Structures are given as structure tokens and as C-alpha cells.
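*Asks:* Sequence below, structure please.
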Amino acid sequence: MPADALILGDEWERTYGDTCWQPLRAEAVHPWMVLIHSPSAATTWGAGVDVRAGSFAFWTVDDDGVSLWLDLRAGSGPVELGDRELTAAVVRWVSGGEPFATQGELASALCRDPRPSGPLVGANNWYYAYGRGFDADAVVRDARTVAELVGDHLVRPFGVVDDGWSLDGTADGLPASGGPWDVGRPVEFPDMAEVAARIAAEGVRPGIWFRPLQHRWEPEAGGLRPWEGGWALDPSHPATLERVADDVRRIRAWGFELIKHDFSTFEALGQWGPTMGPRPIADGVHVHDRTRTTAEVLVDFYRAIREAAGDDGVVLGCNVVGHLAAGLVEAQRTGDDTSGLVWERTRRVGVNTLAFRAAQHRRFFTVDADCVPSTPGTDWAKNRQFLDLIARSGTALFVSVDPATRTDAVDADLSAALRLALDGGVPGGVEPLDWLHTSTPLLWRSGGETVRYAWMADEGSDPFDATGDAAPPPPEG
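*Replies:* Have a look, this model is predicted:
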């Protein structure tokens with residue numbers, strides 16, 4: 001092990017603003033793949049397991065070498081394979097010089113059948129509406145806005161209906177709504193097929209969000225456990241896969257071309273990424289089928305959604321285990337939520353995930369570092385820098401534009417960035433240059449130039465804002 005070794009791993013699902021190169025810590029967990037870089041020798045070595053593995057795999061690194069750990073559980077209990085033989089993981093490794101290029105080479109080695117989407121650009125209302133106070137007319141207005149901003153560009157953007165359209169909306173103060181997913185809200189979204197048609201009539205491709213494994217009512221079969229005022233469905237149960245596939249086919253039949261599915265890691269594993277550590281599956285997660293590992297179950301779950309969406313459907317995974325979904329999703333939200341409330345959260349989370357997972361772009365899927373807000377609560381001078389970086393990168397660019405913030409100057413910034421993103425970004429994308437020394441790089445290579453961004457607010461970082469809620473609290477009463 002080089003004396004000056006710096007170590008970088010991946011994440012179980014999304015990054016949460018804390019991914020970075022770090023000195024040797026023998027107890028540190030590095031999910032899925034790991035890179036070891038020596039600045040003095042200008043060498044980088046990386047190892048990982050093939051995507052869609054049969055286990056949850058992580059690496060540890062110490063002075064004597066590198067170890068691979070495999071979690072073979074079915075839920076929180078041991079898998080019962082019987083006479084079946086399991087391919088738990090296929091290991092590959094690469095050697096190189098420059099760390100960013102080696103990270104990309106490793107990603108290519110681990111996934112040989114990605115299906116990234118073409119330019120993935122559009123409007124998403126979450127970061128100014130947060131699931132409340134909007135209806136079909138507001139969604140169509142957002143579609144019209146993004147159509148105006150991109151003008152006559154031959155590649156058409158998406159208009160995504162995010163959380164809040166379902167039967168109960170975001171009721172009861174829950175962080176997100178659950179099924180059933182066969183109807184919309186009675187007054188605001190009485191006919192979802194009509195909503196899709198109205199979005200399409202604006203020259204925008206319809207997209208929609210849903211939470212496949214959370215159900216308001218106890219299902220006849222497939223229930224995993226009570227969860228957040230409803231039921232978390234067990235993806236190892238055949239009834240769950242049938243229900244979810246039916247939901248996806250119905251949504252596609254309504255006319256939605258993009259389906260963003262969310263929260264499934266939280267529901268299936270019982271915890272969020274930051275608490276997973278060496279035990280990604282929480283204690284007390286009891287499953288219907290104990291003959292398959294949880295990793296195998298999730299791969300089958302993602303495959304069921306992929307097949308139900310059809311070859312021409314675009315699937316965007318959010319809170320999805322990206323390493324298990326690569327090849328089964330067109331796009332992947334690689335980081336936790338940005339914010340339309342506090343810039344600090346966007347700086348900490350959005351910039352971080354683009355920097356440390358950009359090498360997965362088009363090698364695993366289209367990377368989505370999350371939306372760029374334009375809201376009264378955030379500084380447009382900061383947001384426009386994030387907008388510029390995402391547009392240059394060629395990764396997914398979705399914007400949440402509060403109509404109250406539209407001015408000629410803001411519209412000009414948005415239009416230029418959206419059109420650049422629809423072009424596919426700058427040739428070669430972007431590369432973080434100072435990422436060995438910071439979690440939110442300031443210097444980026446973009447085409448043939450070096451661009452410097454000023455992410456920090458005048459008062460510096462606010463650790464209270466950085467750890468605050470991604471969404472506003474529910475209204476009282």
C-alpha cells in the first residue's frame with residue numbers, strides 16, 4: 001500500500017454529500033468498487049464487482065491489502081439456497097494513472113450492457129411545489145415554460161409530474177405519498193391520461209414519479225410490514241412484482257414516456273444509505289422468499305419495471321441501488337435531494353454527487369445529479385452555476401422553475417443551459433480537477449477550458465442548513 005494512498009469507494013445507493021477521497025482507514029466501508037490512488041507515484045488501482053451482483057458487496061483497505069465482503073442475506077436472515085448454486089460476485093480490477101480516467105475504466109469493466117438515455121432534459125416541479133398546491137393546470141404550465149425555453153430544438157424535453165399527484169397527495173405529513181396508483185387526486189388530477197395528453201400537446205414528453213413499494217392500504221398479499229402510515233410491499237413476493245408491473249403498464253398506457261420510481265431501497269432494506277455501513281439491510285426485515293438474496297430480489301424487481309415500461313419507455317431510478325440497476329434503468333439519481341429552500345444543500349449534495357459519480361455517466365446509466373431550482377428562497381447567482389455545470393456535463397438536467405422567479409435574465413440563463421444540455425453538453429463532458437482535496441470541487445475541465453465555480457455563500461458553509469430537511473414541513477393541522 002503506498003504511504004500516501006488516497007481511497008475512494010462508491011455508495012450503496014445515492015451519495016449524501018460526504019463522498020470524497022480519504023486517507024487509509026481500515027474500518028471504512030467502500031460499497032461495490034474501490035480506487036486507491038498514489039499522488040506521488042501518479043498511479044491508480046481499482047477493483048469492483050460486476051453490476052447486478054448476487055450479493056451486496058463492499059471493500060475494506062488496510063496496510064496489508066484489500067478485502068472483499070459479501071452480504072448473502074435474504075432480508076435480515078441468512079439465504080436458504082438449498083441445492084441452488086449462487087454466483088455471489090464477479091470481481092474485476094484495473095490499473096492506471098490519472099484517477100478520474102481509471103474510475104471510468106473500472107465502471108466500463110463492471111457494466112458491459114448499459115442503456116443510457118439520450119439527452120435527458122426537462123421540467124420537474126418538486127423543488128418549488130414540494131407536492132403541495134399544484135394541479136394539472138400547473139403541470140401543463142411548467143411544460144409550456146420548458147417548451148418556450150428550449151424553443152425549436154429538435155430534441156424535445158420532458159415535463160415530469162412529481163410527487164403529489166396520487167390519490168392522497170402528500171397527505172398526513174408523510175415525506176411522500178403511496179399507492180394505489182390506478183387513479184390521480186380526484187380534483188387536481190382526475191384523469192391522468194388527459195394530463196399526459198395535455199403535456200404532449202405543448203411539444204413536451206410526459207414523465208411521472210411514483211413510489212412502487214409503498215401502499216396506503218394493507219394488500220391482500222405481498223405486504224412486508226407496516227411502514228409510514230401504510231404498507232411496504234415485499235419485492236420478493238410474486239404478488240408485489242405483479243402489482244408493480246401492472247402499475248407501470250398502466251402509467252405507460254396513460255401516455256407517460258418517462259417513469260421515475262422512488263423509495264424502493266428504503267422500503268425493501270429498511271434504512272437510508274448513510275446508516276447502512278457494513279449492514280445494508282436493517283435488522284427485522286423479514287421476507288417472503290428466503291431462497292434468494294436481497295440483491296437478487298432487487299435485480300428482479302428492477303427488471304420487472306424495465307420490462308413493463310417497454311423498450312421505448314425511459315426508466316429513471318431514485319433511491320435505487322444503482323450498482324444493481326445498471327443495465328435496467330436509463331437514468332439514475334446518484335445523489336440525495338438538492339433544495340429549492342437552501343442553497344447550501346444543493347452545494348453539498350448536488351455538486352458532490354456529480355463530481356464523484358460523473359465517471360459512471362453513460363457507462364452505467366445517464367447520471368442525474370438532481371434538479372436545478374429557481375425559487376424565491378435560493379440565490380439564483382449560485383443556482384445558475386450549478387445549472388451551467390450540469391448543462392456542460394451532458395448528464396440529466398431537470399429544472400424546477402417557480403413562475404414567480406422568471407425574469408428575462410433568468411429565462412436567458414435557463415434557455416442557454418437547457419439547449420446546451422439537449423445538444424449533449426460540451427464534447428467530452430466535464431471532469432473535476434481538485435477532487436482529491438475537496439468534497440465539492442471548484443475547478444472543472446470542460447472541453448478545452450478550465451472553469452472555476454464559486455459554490456460557497458458569503459458567510460461560508462452553514463452546517464445547520466446542510467443537514468436540514470430536503471422538503472418543507474407539512475402545514476399545521
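*Asks:* Distance-wise, check the residue nearest to Asp162 when sequence neighbours are not counted relative to Ala304.
*Replies:* Distances taken as Cβ to Cβ, 6 or more residues apart in numbering place Trp126 nearest to Asp162, at 4.0 Å, with adjacent residues excluded. In this view, the C-beta of every residue, glycine as well, is placed from N, C-alpha and C. Counting by Cβ to Cβ, to the nearest Å, the gap from Trp126 to Ala304 is 25 Å.
*Asks:* for Thr293, same thing?
*Replies:* Distance from Thr293 to Ala304, by Cβ to Cβ: 17 Å.
*Asks:* who's more crowded, the two?
*Replies:* Thr293 (26 against 19; other Cβ atoms under 10 Å).
*Asks:* Looks like the more buried one contacts Leu70 (just checking).
*Replies:* No: contact criterion Cβ atoms under 8 Å: Thr293 and Leu70 do not qualify, at 9.2 Å.
*Asks:* Find the residues that touch each one of these two.
*Replies:* Ser55, Phe56, Ala88 (Cβ atoms under 8 Å, 6 or more residues apart in numbering).
*Asks:* Now the last one: closest residue in space, sequence neighbours ignored.
*Replies:* So the one you mean is Ala88. Ser55 is the one closest to Ala88 (Cβ to Cβ, 6+ apart), at 4.4 Å.
*Asks:* ok, how many other residues are close to the one you found?
*Replies:* Using other Cβ under 10 Å, Ser55 has 20 neighbouring residues.
*Asks:* likewise Arg141?
*Replies:* By other Cβ under 10 Å, the residues close to Arg141 number 16.
*Asks:* Double-check that it belongs to a helix.
*Replies:* Yes: checked against DSSP: H, G, I helix; E, B strand; the rest coil, Arg141 lies within a helix.
*Asks:* is it true that Ala421 lies in a strand?
*Replies:* No: secondary structure assignment (three-state DSSP) places Ala421 in helix, not in a strand.
*Asks:* and the gap between Arg25 and Val140?
*Replies:* Taking Cβ to Cβ, one finds Arg25 at 51 Å from Val140.
*Asks:* Now Trp455. Nearest residue, chain neighbours left out?
*Replies:* Nearest residue to Trp455, sequence neighbours excluded (Cβ to Cβ, 6+ apart): Arg347, at 4.7 Å.
*Asks:* Then Lys382?
*Replies:* Using Cβ to Cβ, 6+ apart, the nearest residue to Lys382 is Trp343, at 4.7 Å.
*Asks:* isn't that neighbour right up against Asp379?
*Replies:* Yes: assessed by Cβ under 8 Å, Trp343 is found in contact with Asp379 at 5.4 Å.
*Asks:* so what's the residue nearest to Ala88 up against?
*Replies:* Counting by Cβ under 8 Å, 6+ apart, Ser55 has contacts Leu70, Asp71, Leu72, Leu86, Ala88, Ala89, Thr293, Ala295.
*Asks:* Go ahead and confirm the fourth one touches Gly54.
*Replies:* Yes: taking contact to mean Cβ under 8 Å, the distance of 5.2 Å between Leu86 and Gly54 places them in contact.
*Asks:* Which one's more surrounded, the two?
*Replies:* A direct count of neighbours by other Cβ under 10 Å for Leu86 and Gly54 places Gly54 higher, at 21 against 15.
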